[in-house]
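> Sequence and computational prediction follow.
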Amino acid sequence: MSEAPGSARDVPSASAQSLYLTLAPVALTTAVYISIFLVLRKSQRRYYAPRTYLGSLRESERSPVLPSGLVNWFGSFWKISDYHPLQHQSLDAYLFLRFLKILIAITFVGCCITWPVLFPVNATGSGRATQVDILSYAHVNKDTEYNRYYAHVFVAWIFYGFVMYMVVRESIMYVNLRQAFLLSPLYSNRISSRTVLFVSVPDDYLNAARLRKVFGDSVKNVWIAGETKELDELVKERDKVAMKLEKAEIKLLKLANAAHMKAVKKGAADERAVAPADAESGSIAARWVAPKKRPTHKLGFLGLIGKKVDTITWCRTELERLVPAVQKEQDAYREGKYKKINSVFVEFTNQADAESAYQVLAHHQALQMTPKYIGVTPGEVVWSALKVSWWQRVVRRFAVIGFISALIIFWAIPVAVVGAISNISALKQISFLRWIDLIPQIVLGFVQGLLPSILMSILLSLVPVVMRLCAKLSGEPSLSRVELFTQNAYFAFQVIQLFLITTLTSAASSVGVQIFQNPSQATSLLAENLPKASNFYISYFILQGLGVAGSLLSQVGGFVVFTLLYKFFSGTPRALYKKWANLSAISWGSVLPVYTNIAVISITYASIQPLMLGFAFVGMSFFYLAWRYNIFFVTNTQIDTRGLIYPRALKQLFAGVYIAELSMIGLLGASAAIGPLVLMIIFLIFSILLHLTINSAIDPLLYNLPRTLAEEEAARSGHGSVEDGEKGALHAQNGTNGSTPSTDKKKKLGFFTKFFKPWQYCDYETMRKLVPQNGIDVYNLYTEETERDAYFPPSVTSGTPLLWIPEDPLGISKQEVRETGKVIPITDEGCTLTDKNKLEWDTETVRPPVWEEKIYY
């Protein structure tokens with residue numbers, strides 16, 4: 001049967017030339033990014049290697065210093081153990097890198113499985129595909145070569161089976177690693193490991209004595225959450241006034257110093273006075289700064305209207321009122337004089353009792369004293385979520401799920417608007433849009449070219465923000481739970497919006513009109529053109545793997561912003577220190593889904609267009625190198641999920657398997673290949689059963705700790721049998737036979753044994769050797785005050801801030817410290833004001849006055 005010109009069968013295939021045209025500019029951009037990184041890394045140590053020396057990090061948290069040459073550092077970098085972040089940062093950081101390595105392994109093995117079989121099968125087909133598409137499913141003629149589809153089915157069986165095995169293998173590894181870490185003294189003695197958070201607690205049980213009766217003598221402390229709205233406002237006002245006073249003091253010092261240096265330049269003597277202890281307040285500053293020139297502000301709306309007052313005098317007066325008022329309210333809260341809300345933190349004497357309380361049914365009525373959470377640190381508590389009652393939690397959860405579902409479905413509308421802007425010149429044919437012709441070509445080029453990219457980036461960056469907000473509104477009580485919620489929701493958005501809808505609309509745009517004109521050829525058209533939708537993702541992988549990974553490594557934009565903010569917008573010692581000492585953190589909930597989605601796309605197209613696996617492998621390899629460097633030397637972990645991001649990401653790979661199987665079933669059905677179709681349906685059923693089995697077997701181990709291992713750990717404590725640091729990590733690579741290290745010799749396991757017997761290679765005993773031993777006294781982690789106040793709201797434990805001003809050459813700072821110190825703590829140590837009116841402080845050797853030692857809750 002002849003084909004009409006312009007039919008779907010004539011849709012142009014992806015050509016090698018189009019791939020080159022995509023690859024060339026991206027490769028050039030990546031080369032520029034990497035060059036910038038190599039050059040700046042040598043001189044800008046603070047931005048490109050802060051983890052090697054920053055004083056805000058403990059010695060045990062730092063990374064080894066790399067050679068400072070242009071490229072000679074790479075060998076040393078590559079030799080650093082993969083277990084480094086596990087020893088010096090967090091479980092999440094290590095498991096994130098491990099996840100990228102697993103994706104590299106999946107895509108590489110996928111190439112080894114699919115290419116030798118499917119490339120010849122597809123390329124020698126008699127279909128109508130051309131160029132790169134001859135390597136895809138579309139080039140097999142469904143009428144005369146349907147037996148070739150058996151090759152696709154059996155290759156799919158092997159590859160998808162490998163993916164599911166990797167999920168099972170890594171889940172076993174994670175369970176053992178999690179148990180080894182959380183049961184070790186380093187973690188088990190932390191207060192968060194011994195504390196259970198109960199929400200939706202009935203009023204009758206908001207009583208410490210009654211809770212002790214329920215949970216027994218092992219209860220050590222009980223913190224009943226309370227209403228702190230008034231105290232929150234007082235603390236907020238106190239801190240606001242304190243920071244206003246600090247800025248005003250520094251402004252006064254700079255004004256006086258500038259006036260002094262101006263006078264010296266005009267020939268005046270360089271006088272450096274020291275005020276006696278009984279000198280009048282502000283006497284030295286008054287010599288250089290007239291009263292009208294002192295820092296002032298207005299008391300009205302936004303400081304624009306109202307009475308003008310001297311800022312320093314006014315702030316001191318306000319703090320004389322606010323500091324005692326805050327202290328009074330804090331003391332009242334500690335004495336129990338507050339309105340209780342229905343959430344309770346219960347600390348137990350040991351981790352085993354806390355786990356028992358966490359795993360047991362706490363209340364006889366439905367939705368009371370549940371859900372429960374263990375491992376929540378004080379700094380990550382979402383205090384507003386603790387006020388949510390049980391019925392509000394149910395309603396909010398349904399409302400949030402409904403909102404996110406609608407967001408995912410209707411996100412196509414703003415995306416379509418951005419798409420229309422990218423092709424705005426075509427819209428001028430519409431009668432009421434003919435004014436577009438009046439726009440200058442330069443402006444029109446910007447609107448069509450750069451503007452859509454900017455708008456799309458803004459739109460996509462808003463999605464995780466909205467989803468985090470939804471998580472908090474739904475009642476998630478901790479930031480780690482918020483990240484896990486975001487990980488799930490953002491993954492759903494990525495798969496549906498950036499994969500499924502793009503794929504379906506791409507295919508529909510190719511064949512929609514032709515199917516409408518010739519419905520009898522629908523199956524042939526779909527079978528030929530659905531595989532061609534993969535062409536977009538080949539370019540996408542090139543862009544992501546080279547361009548985005550290069551940008552991630554160089555971080556040019558972030559470097560420029562950091563430099564500008566540090567040099568020109570940090571006008572106080574506190575601002576300088578915070579900008580210098582605070583490392584950028586990774587938001588797991590919005591980072592992981594991007595790579596999981598890339599893996600899902602690769603898995604889906606493995607049997608349809610195997611070439612994609614090669615591009616995915618290269619892209620993932622670049623991503624791994626970029627993230628490996630950043631995690632080792634640049635970023636820090638702020639929100640710790642204790643590794644729960646990992647099994648969640650692994651399970652999400654099943655989405656790729658299911659979509660792949662359903663796509664194959666659809667294509668085989670469209671190709672009318674009955675035998676291969678039946679085999680694929682059988683494998684889909686097998687996948688579902690395996691998935692259910694894995695969930696039922698492993699899920700309880702992801703969130704609970706077993707009593708058997710807890711007893712073993714308790715019996716072992718005090719013997720010091722755990723090996724230290726990297727030696728233990730490297731030794732763990734050789735595996736164990738499951739016996740205690742001190743009793744049996746280890747038999748070195750081969751590659752295949754380690755790969756196919758994870759219960760032996762990654763068993764509990766082996767994982768114990770990876771627990772860091774950083775010299776911390778794990779049995780004396782907290783002072784009495786720290787433990788007493790651990791789960792009080794932040795406003796209750798918030799101390800009066802220490803003001804930090806620079807020491808000036810005129811001695812004004814000393815006088816200001818004496819006067820302001822009568823009202824609020826203040827110091828001028830650790831920072832000086834130079835003759836050029838610039839702030840200088842020691843960025844490497846001395847810890848500033850506002851430094852606070854990190855407490856491991």
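Ah, there it is.
> wait, is residue 343 part of a helix?
No. Residue 343 is assigned strand when assessed by DSSP: H, G, I helix; E, B strand; the rest coil, not a helix.
> For the closest residue to it other than its chain neighbours, give its distance to residue 764.
Using Cβ to Cβ, 6 or more residues apart in numbering and skipping residues adjacent in sequence, the residue nearest residue 343 is residue 386, 3.8 Å away. Where C-beta positions appear, they are placed from N, C-alpha and C, glycine not excepted. Separation of residue 386 from residue 764 (Cβ to Cβ, to the nearest Å): 35 Å.
> Over to residue 326?
For residue 326, the distance to residue 764 - Cβ to Cβ - is 48 Å.
> just checking, what packs against the host helix or strand of residue 284?
According to DSSP states H and E, residue 284 maps onto helix 283-288. Counting contacts by 3 or more Cβ pairs under 8 Å, 6 or more residues apart in numbering; DSSP states H and E, helix 283-288 packs against helix 229-265, helix 812-820.
> Measure how far it is from the centre of its chain, please.
The chain centre lies 51 Å from the centre of helix 283-288; the measure is Cα atoms, centre = their mean, to the nearest Å.
> Starting from the helix or strand that comes right after that helix, tell me which strands it pairs with and how they run.
Using DSSP H and E, the helix or strand that follows helix 283-288 in sequence is strand 296-298. Strand pairing for strand 296-298, determined by DSSP bridges: strand 308-310 (antiparallel).
> Mind listing residues that contact the strand it pairs with?
Counting by Cβ atoms under 8 Å, 6 or more residues apart in numbering, strand 308-310 makes contact with 291, 294-299, all of which sit outside it.
> ok, 6 Å please
294, 296, 298 (Cβ atoms under 6 Å, 6 or more residues apart in numbering).
> any idea how far the first one lies from residue 805?
In other words, residue 294. From residue 294 over to residue 805 (counting by Cβ to Cβ), the distance is 15 Å.
> Same question for the second one.
When distances are taken as Cβ to Cβ, residue 296 and residue 805 turn out to be 18 Å apart.
> If you count surrounding residues, which of the two has more?
In this view residue 296 and residue 805 are compared by other Cβ atoms under 10 Å, and residue 805 has more residues nearby, 28 against 16.
> Now for the more buried one: which residues touch it?
249-250, 813, 828.
> ditto for residue 241
Per Cβ under 6 Å, 6+ apart, neighbours of residue 241: 315, 318-319.
> per-residue pLDDT, the nearest residue to it once chain neighbours are set aside?
With Cβ to Cβ, 6+ apart as the criterion, residue 241 has its nearest non-adjacent residue at 4.9 Å, and that residue is residue 318. Model confidence at residue 318, given as pLDDT, is 93.
> And for residue 99?
Reported pLDDT for residue 99: 96.
> name the element it belongs to?
helix 91-123.
> Can you name the next helix or strand after that helix?
Downstream of helix 91-123 (by DSSP H and E), the next one is helix 149-183.
> Name the residues of that following helix that come out as buried.
For helix 149-183, the neighbour count (16 or more other Cβ atoms under 10 Å) marks 149, 151-153, 155-157, 159-164, 166-183 as buried.
> Provide the contact partners of whichever helix or strand comes after it at residue level.
Proceeding N to C from helix 149-183, the next assigned helix or strand is helix 185-188, under DSSP H and E. Helix 185-188 is contacted by residues 181, 193, 351, 778 when judged by Cβ under 6 Å, 6+ apart.
> immediately after helix 185-188, which helix or strand?
Next along the chain from helix 185-188, counting by DSSP H and E, comes strand 195-199.
> Just the residues contacting that next one, thanks.
343-347, 354, 357-358, 369, 372-374, 376.
> Output it as CSV - backbone C-alpha positions only.
Taking Å, rounded to 0.1, in the frame of the first residue of the first chain, the C-alpha atoms of strand 195-199 are listed here in CSV:
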residue,chain,number,x,y,z
THR,A,195,14.0,9.9,72.0
VAL,A,196,10.6,9.2,70.4
LEU,A,197,8.2,11.9,69.2
PHE,A,198,4.5,11.2,69.7
VAL,A,199,2.0,13.4,67.9
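> What mean pLDDT does it get?
Mean predicted lDDT for strand 195-199 stands at 93.
> partners of that strand, with directions?
strand 340-348 (antiparallel), strand 372-374 (antiparallel).
> what's the following helix or strand after it?
Counting by DSSP H and E, what follows strand 195-199 is helix 208-215.
> just for the stretch 101-250 of the chain, where's the confidence low?
Residues of the stretch 101-250 of the chain meeting the criterion pLDDT under 70: 127-130.
> Go again with 80.
122-123, 125-146 (pLDDT under 80).
> Excluding sequence neighbours, find me the nearest residue to residue 291.
residue 310 (7.9 Å).
> Dump stretch 470-489 to PDB, keeping only the CA atoms.
C-alpha atoms of stretch 470-489 as PDB (Å, rounded to 0.1, in the frame of the first residue of the first chain):
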ATOM      1  CA  CYS A 470       3.100  21.300  51.100                       C
ATOM      2  CA  ALA A 471       5.000  18.800  53.300                       C
ATOM      3  CA  LYS A 472       5.100  21.200  56.200                       C
ATOM      4  CA  LEU A 473       1.400  22.000  55.800                       C
ATOM      5  CA  SER A 474       0.500  18.300  55.700                       C
ATOM      6  CA  GLY A 475       2.000  17.900  59.200                       C
ATOM      7  CA  GLU A 476       5.400  16.400  58.600                       C
ATOM      8  CA  PRO A 477       7.200  17.100  62.000                       C
ATOM      9  CA  SER A 478      10.800  17.200  60.900                       C
ATOM     10  CA  LEU A 479      12.900  18.600  58.100                       C
ATOM     11  CA  SER A 480      14.200  15.100  57.200                       C
ATOM     12  CA  ARG A 481      10.600  13.900  56.800                       C
ATOM     13  CA  VAL A 482      10.000  17.000  54.600                       C
ATOM     14  CA  GLU A 483      12.900  16.100  52.400                       C
ATOM     15  CA  LEU A 484      11.600  12.500  52.000                       C
ATOM     16  CA  PHE A 485       8.100  13.800  51.200                       C
ATOM     17  CA  THR A 486       9.600  16.100  48.600                       C
ATOM     18  CA  GLN A 487      11.700  13.300  47.100                       C
ATOM     19  CA  ASN A 488       8.600  11.300  46.400                       C
ATOM     20  CA  ALA A 489       6.500  14.200  45.200                       C
END
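> No further questions, thank you.
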